[in-house]
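Enquirer: The sequence and its predicted three-dimensional model are supplied below.
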Amino acid sequence: MMQQSTRTFTDKLFLVIKGLAMGAANKVPGVSGGVVAFVAGFYEEFIYSLQKINFKAFKLFINFRFKSFWRYINGRFLGLLILGMLISYFSVSKILDYLIIHYELYVWAAFFGMIIGSIYYIVKDFNDWSRRNICLIVIGIIAGVSISLLEPARENDNLWFVFFCGIVGVSGMTLPGLSGSFILILFGNYVLLLVDSVNALYDTITDIAQWDFSFLENSKRIRLLKVLVVFSLGSLTGLVTLSHFLGYVLKRYKNATFAAIIGFIAGSLGVVWPWKNKIFKVDTLGNPLIDTEGNPILDNYDRYLPDVMITETYVGVFFILVGIGIVLWLEWYGKQTLKTSK
């Protein structure tokens, strides 16, 4: 009995950790939380659980049948996963921000390796190499590369546009290889939605904990909180609608869907290429534009080939191998868990 409860606790803990990984991955431009779900082996359960958030679930909820509602939507699974994502936005993602500022090349190299490992993970079990699926892989690669070359727009805090950003930005959760954060950079709203508004929420929670409500008179803070609420509603809408669409195509066109995902993930390698310089947004006079934190606003990247004569390049390659190793370890762990459960 003790062993069973320990295993249950371990499963719960690892679900939260998987949520942490998804949340952290979604915040990094070019990396998709959906890839984490795919490699960790819970992508299909994630999609099918989100599908359960439908009219039947709504009826159970408004009729106060909360236990039935919780079971119907696979609440324990979704709840722990989402808990991990929420914790990530206030902890792991903060650590990632620090690492990207101070060790940018090595962070990108590790993610680059993880994506290579993810491609291997999916391809090794993919057996349907029909002409149609090869075409879908090529289309996915072209789409992924094309997205990385698009010119970013300017920041726009119109609430309808913010809602739309939420719908599209959450795509990284449900579509492996399509980075929601990078899409937000292209829309010009990455800093507004994933930095400024999240910081506003963090500051507000801190103020409330200290019984300080002076923020209610801060129009800028209130505006950012409104933006965050609308973005969250858009994200929730996107999660539910995209999951229904993906659940449908996974049931009827599973191999074709996997082929497109392989292409998307391969195409995203261009976005996370480790050796690149940042290009920042400038005004008409050529002066750098800054965000509310006083930091220059990212526009895009200028990619280059590494210099084989410097040590930094080989350290970068080492971190690529570390990234590949993490994915292989996740695969091994998944198999061990499967054996134990049997």
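Expert: Everything's here; your move. Keep in mind it's a predicted model, so treat the numbers as computed, not measured. Numbers count the residues shown, from 1 in each chain.

Enquirer: pLDDT on stretch 235-242, on average?
Expert: On average, the pLDDT along stretch 235-242 is 83.

Enquirer: Give me the contact list for it.
Expert: With CB atoms under 8 Å, 6 or more residues apart in numbering as the test, stretch 235-242 has contacts from 50, 53-54, 163, 166-171, 173-175. Every C-beta, even on glycine, is put in place using the N, C-alpha and C of the backbone.

Enquirer: Now Tyr301: which helix or strand?
Expert: Using DSSP states H and E, Tyr301 maps to strand 298-303.

Enquirer: let me redo that: Trp273
Expert: Applying DSSP H and E, one finds Trp273 in no helix or strand.

Enquirer: Now do the same contact list for it.
Expert: Contacts of Trp273 by CB under 8 Å, 6+ apart are Trp108, Phe112, Tyr301, Arg303.

Enquirer: again with Asp203
Expert: Asp203 neighbours (CB under 8 Å, 6+ apart): Phe215, Arg221.

Enquirer: quick one: buried residues of the helix or strand hosting Ile134?
Expert: Ile134 belongs to helix 131-149 when assigned by DSSP H and E. Using 16 or more other CB atoms under 10 Å as the test for burial, helix 131-149 gives Asn133, Leu136, Ile137, Gly140, Ile141, Ala143, Gly144, Val145, Ile147, Ser148.

Enquirer: who's in contact with whatever helix or strand comes next after it?
Expert: Using DSSP H and E, the next helix or strand after helix 131-149 towards the C-terminus is helix 159-169. Applying CB under 8 Å, 6+ apart, the contact partners of helix 159-169 are 156, 180-181, 183-184, 187, 189, 192-193, 226-227, 230-238, 241.

Enquirer: mind listing the helices for the stretch 1-150 of the chain?
Expert: Using DSSP state H, counting those that start in this stretch, the helices of the stretch 1-150 of the chain run over 2-27, 33-39, 43-51, 55-62, 66-72, 75-90, 92-102, 104-123, 131-149.

Enquirer: What of the stretch 201-342 of the chain?
Expert: Going by DSSP H, counting those that start in this stretch, the stretch 201-342 of the chain shows helices at 219-252, 254-267, 311-341.

Enquirer: Now do the buried residues in the first one.
Expert: Of all the residues in helix 219-252, those buried under the rule 16+ other CB under 10 Å are 221, 224-225, 227-228, 230-232, 234-235, 238-240, 242-243, 246-247, 250.

Enquirer: go on, the second one?
Expert: Under the neighbour-count criterion of 16+ other CB under 10 Å, helix 254-267 has Ala256, Thr257, Phe258, Ala259, Ala260, Ile261, Ile262, Gly263, Phe264, Ile265, Ala266, Gly267 buried.

Enquirer: what's that helix in contact with?
Expert: Under CB under 8 Å, 6+ apart, the answer for helix 254-267 is 32, 35, 38, 115, 118-119, 122-123, 126, 128, 130, 132-134, 136-148, 175-178, 246, 249-250.

Enquirer: again, but for stretch 65-85
Expert: Residues contacting stretch 65-85 (CB under 8 Å, 6+ apart): 12, 15-23, 26, 33, 42, 45-46, 48-50, 52-53, 56-57, 60-61.

Enquirer: at 6 Å what do you get?
Expert: 12, 15-16, 19-20, 22-23, 49, 52-53, 57, 60-61 (CB atoms under 6 Å, 6 or more residues apart in numbering).

Enquirer: Produce a ChimeraX select command limited to the buried residues of the residues you listed.
Expert: Applying 16+ other CB under 10 Å to the contacts of stretch 65-85, the buried members can be selected in ChimeraX as follows:
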select :15,16,19,20,22,23,49,52,53,57,60,61
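
Enquirer: And the furthest pair within the contacts of stretch 65-85?
Expert: Leu20 and Leu60 (29.2 Å; CB to CB).

Enquirer: Need the mean per-residue confidence for the host helix or strand of Phe182.
Expert: Here Phe182 sits within helix 180-186, counting by DSSP H and E. Average pLDDT, helix 180-186: 74.
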